[in-house]
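Trainee: pasting the sequence and the predicted model now:
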Amino acid sequence: MSNVAAPAEAPVRDHVFHRNLLKKYPVAVRAAGVYIFDSDGKAYLDASSGAVAANLGHGVQEIVDAMAAQAIQVAFAHTVRFETPVMVETAGRIADLSPDGLETVYFASGGSEANEAAMKLARQFHLDSGRPGKHLVVGRWQSYHGNTLGALSAGGDVGRRTSFSPMLAPYPHVSAPENEPLESVCPHLGSPGEQFDYIGEFEQVIARVGAENISAFICEAIVGSQQGAVVPHPKYLGRVRELCDRHDIVLIVDEVMTGFGRTGKNFAVEHFGVTPDIITFGKGVTGGYAPLSGMIVHDRIVDVIRERSDGVFRHGYTYSGHPVCLAAGNAALTYYTDNSVLENVVAQGRYLREKLDELQARQPRMGPVRGRGLLLGFDLLDVRGRRHITSEAFNEMAMQNGAIFYPGKGRIDGIRGQHLLIAPPLTIQRVDIDLMVDILEQTLTDVDVDVS
Ligand code: PLP
């Protein structure tokens, strides 16, 4: 600090360690509904719900009020010493929404933290059950479970993993199915035109590393950021469940992006009729109003911890069960129910899908639309003789045009390249969907006009 005034022309130093230190970011100063406004007054239609988290749009007064009331009542109580009414109530509501048997909820702050906790809980469950060798987590390529080192080890985003690889745990990976029904063709699933045996590959990994060494299998039921809303064959997850049962492998389903209605069901596993041992959640549980995440744990695991570990899960975060974040979650869950948000997802998801299918039919750069509910995606294709564009660059152009999508890179081997995820707030209405699709079309057109 200095008392000497800086010369007028000196640039103001920005002390924020931005995601990209070289980039100039628009300044978000206001938000309402599905729109964010920057300091120049420009409006952005948020077709990505931030990072697929601001699921209820902006300015929901009930959630803000609940947070303020909780902050006055008890802003913080360490969960090592206390429980709070809001924690008990929110856990109960989440358990009610979950598949039968998943009755106990552990809270954390972010999705990565939730997955770390889930992997450690699986390990403790095996230790307590007399299976001490079980320590490896089998993950899938083209999956994302978070940026902390354990979650990155289990995840399969090659780009994010590569430079950190010596620090990652040596977890095995299997392939993630391609979109059903086009490419998800596995002999175990009884599809014609078999291409790849996903279940057989998992069996081979189990045989190679030994079931006695495998603690858990982690996957997203419908893959979000890494594949761009890829839905597997309807039987895939059931077959995975069978293998996990046969080999005492804890099945962790990561619903950080898909939980709380995003795909038209409370949890994406419901599309496949499968009950995991642990579901992890985050993002949308508060509609983005506060950081809250966690895991919902099946009784068969909780009972073992209760009986063999004196009831103690050897894990914890300072901000686990933060009352203000829970108040946001609790109020958001009330809002979901009171405003029939799930029904809106189904109706608007169908409408958006129709509009995108229509657009795809006249836009050679759009691959077939896929996904469920309001988690839709498509590959951004190269067109012969026209310039290549990355999904990141495409999204920058879309932002210029007034909408934000969720760009993704997909595989690095070129089979699935650039894709775009479309995941607007679950409260979106037709008029905003129409505008969003218009901006998408405009941007697709601009790509060929703008040859800079
Ligand atoms: N799991 C999935 C499926 C995600 O999409 C994400 C974030 O995008 C995470 C985990 C990590 O969550 P967070 O960024 O809150 O740590």
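Mentor: Now that the structure is in, tell me what you want to look at.
Trainee: and the residue of the stretch 1-150 of the chain closest to the ligand?
Mentor: Minimum separation of the stretch 1-150 of the chain from the ligand (CB to the nearest ligand atom) falls at residue 111, amounting to 2.3 Å. In this view, the C-beta of every residue, glycine as well, is placed from N, C-alpha and C.
Trainee: wait, does the host helix or strand of residue 252 contact the ligand?
Mentor: Using DSSP states H and E, the element containing residue 252 is strand 250-254. Yes - contact of strand 250-254 with the ligand (CB under 6 Å from any ligand atom) involves residue 254.
Trainee: show me what that strand is packed up against.
Mentor: Helices and strands touching strand 250-254, as assessed by 3 or more CB pairs under 8 Å, 6 or more residues apart in numbering; DSSP states H and E, comprise helix 111-128, strand 214-219, helix 236-246, strand 278-281.
Trainee: just name the most buried of the ones you listed.
Mentor: strand 278-281 (a mean of 29; mean count of other CB atoms under 10 Å).
Trainee: so what's the residue of the stretch 351-452 of the chain found nearest the ligand bridging to?
Mentor: The nearest approach of the stretch 351-452 of the chain to the ligand comes at residue 406, 9.4 Å away (CB to the nearest ligand atom). Beta-bridge pairing for residue 406 (DSSP bridges): residue 421.
Trainee: hmm, residue 67 is touching residue 327, no?
Mentor: Yes - contact status for residue 67 versus residue 327: in contact at 5.1 Å, counting by CB atoms under 8 Å.
Trainee: more crowded one of these two?
Mentor: Taking other CB atoms under 10 Å, residue 67 and residue 327 do not tie; residue 327 has more neighbours (30 against 21).
Trainee: end to end on stretch 157-170, go ahead and measure it.
Mentor: Start and end residues of stretch 157-170 are separated by 15 Å (CA to CA, to the nearest Å).
Trainee: next, the buried residues of that stretch.
Mentor: 157-158 (16 or more other CB atoms under 10 Å).
Trainee: now that stretch, how far from the chain's geometric center?
Mentor: Relative to its parent chain, stretch 157-170 has a centroid offset of 20 Å by CA atoms, centre = their mean, to the nearest Å.
Trainee: and the contacts of it?
Mentor: For stretch 157-170, contacts defined as CB atoms under 8 Å, 6 or more residues apart in numbering pick out 136-137, 141-144, 147, 149-150, 152-155, 226, 409, 411-412.
Trainee: give me that answer again for 6 Å
Mentor: With contact meaning CB atoms under 6 Å, 6 or more residues apart in numbering, stretch 157-170 is reached by 144, 149, 152-153, 226, 412.
Trainee: next: stretch 280-290.
Mentor: For stretch 280-290, with CB under 6 Å, 6+ apart as the criterion, the contacting residues are 50, 52-56, 63, 110-111, 114-115, 118, 254-256, 259-260, 292-295, 325, 328-329, 332.
Trainee: how about residue 312: what's its closest non-neighbour residue?
Mentor: Excluding its sequence neighbours, the residue lying closest to residue 312 (CB to CB, 6 or more residues apart in numbering) is residue 305, at 7.4 Å.
Trainee: elements contacting the helix ranked longest in the chain?
Mentor: Criterion DSSP state H: the longest helix present in the chain is helix 341-362. In this structure, helix 341-362 makes packing contacts with helix 430-449, judged by 3 or more CB pairs under 6 Å, 6 or more residues apart in numbering; DSSP states H and E.
Trainee: could you export the helix it packs on as CSV, CA atoms only?
Mentor: These are the backbone C-alpha positions of helix 430-449, laid out as CSV (Å, rounded to 0.1, in the frame of the first residue of the first chain):
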residue,chain,number,x,y,z
ARG,A,430,-41.0,-20.8,-24.0
VAL,A,431,-40.3,-17.2,-24.8
ASP,A,432,-36.7,-17.5,-23.5
ILE,A,433,-36.2,-20.8,-25.3
ASP,A,434,-37.2,-19.1,-28.5
LEU,A,435,-34.7,-16.4,-28.0
MET,A,436,-32.0,-18.8,-27.0
VAL,A,437,-32.5,-20.9,-30.2
ASP,A,438,-32.5,-17.7,-32.3
ILE,A,439,-29.2,-16.7,-30.8
LEU,A,440,-27.8,-20.2,-31.3
GLU,A,441,-28.8,-20.1,-35.0
GLN,A,442,-27.4,-16.6,-35.4
THR,A,443,-24.1,-17.8,-34.0
LEU,A,444,-24.0,-20.9,-36.2
THR,A,445,-24.5,-18.5,-39.1
ASP,A,446,-21.9,-16.0,-37.9
VAL,A,447,-19.3,-18.8,-37.7
ASP,A,448,-19.2,-18.9,-41.5
VAL,A,449,-19.4,-15.2,-42.0
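Trainee: rewinding a little: for the helices and strands packed on strand 250-254, give me TSV that also has mean pLDDT.
Mentor: As requested, the helices and strands packed on strand 250-254 are arranged in TSV below (pLDDT from 0 to 100):
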stretch	mean pLDDT
helix 111-128	98
strand 214-219	98
helix 236-246	97
strand 278-281	98
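Trainee: spell out the secondary structure type for the closest residue to residue 131 other than its chain neighbours.
Mentor: Nearest residue to residue 131, sequence neighbours excluded (CB to CB, 6+ apart): residue 248, at 6.5 Å. Using DSSP: H, G, I helix; E, B strand; the rest coil, the structure places residue 248 in coil.
Trainee: ok, residue 171 to the ligand distance?
Mentor: 15 Å (CB to the nearest ligand atom, to the nearest Å).
Trainee: so residue 386 makes contact with residue 448?
Mentor: Yes - assessed by CB atoms under 6 Å, residue 386 is found in contact with residue 448 at 5.5 Å.
Trainee: thinking again about what came up before, correct me if wrong: the residue of the stretch 351-452 of the chain closest to the ligand contacts residue 48.
Mentor: Yes - if you go by CB under 6 Å, residue 406 and residue 48 touch, sitting 3.9 Å apart.
Trainee: now for these two: what residues contact both?
Mentor: Common neighbours of residue 406 and residue 48 (CB under 6 Å, 6+ apart) are residue 423.
Trainee: distance-wise, check the residue nearest to residue 131 relative to the ligand.
Mentor: Distance, residue 248 to the ligand, using CB to the nearest ligand atom: 24 Å.
Trainee: same thing with residue 292?
Mentor: 10 Å.
Trainee: so what's the most centrally placed residue in the chain up against?
Mentor: Centroid-nearest residue in the chain: residue 257, 2.3 Å away (criterion: CA atoms, centre = their mean). Shown in contact with residue 257 (CB under 6 Å, 6+ apart): 52, 224.
Trainee: that'll do, ta.
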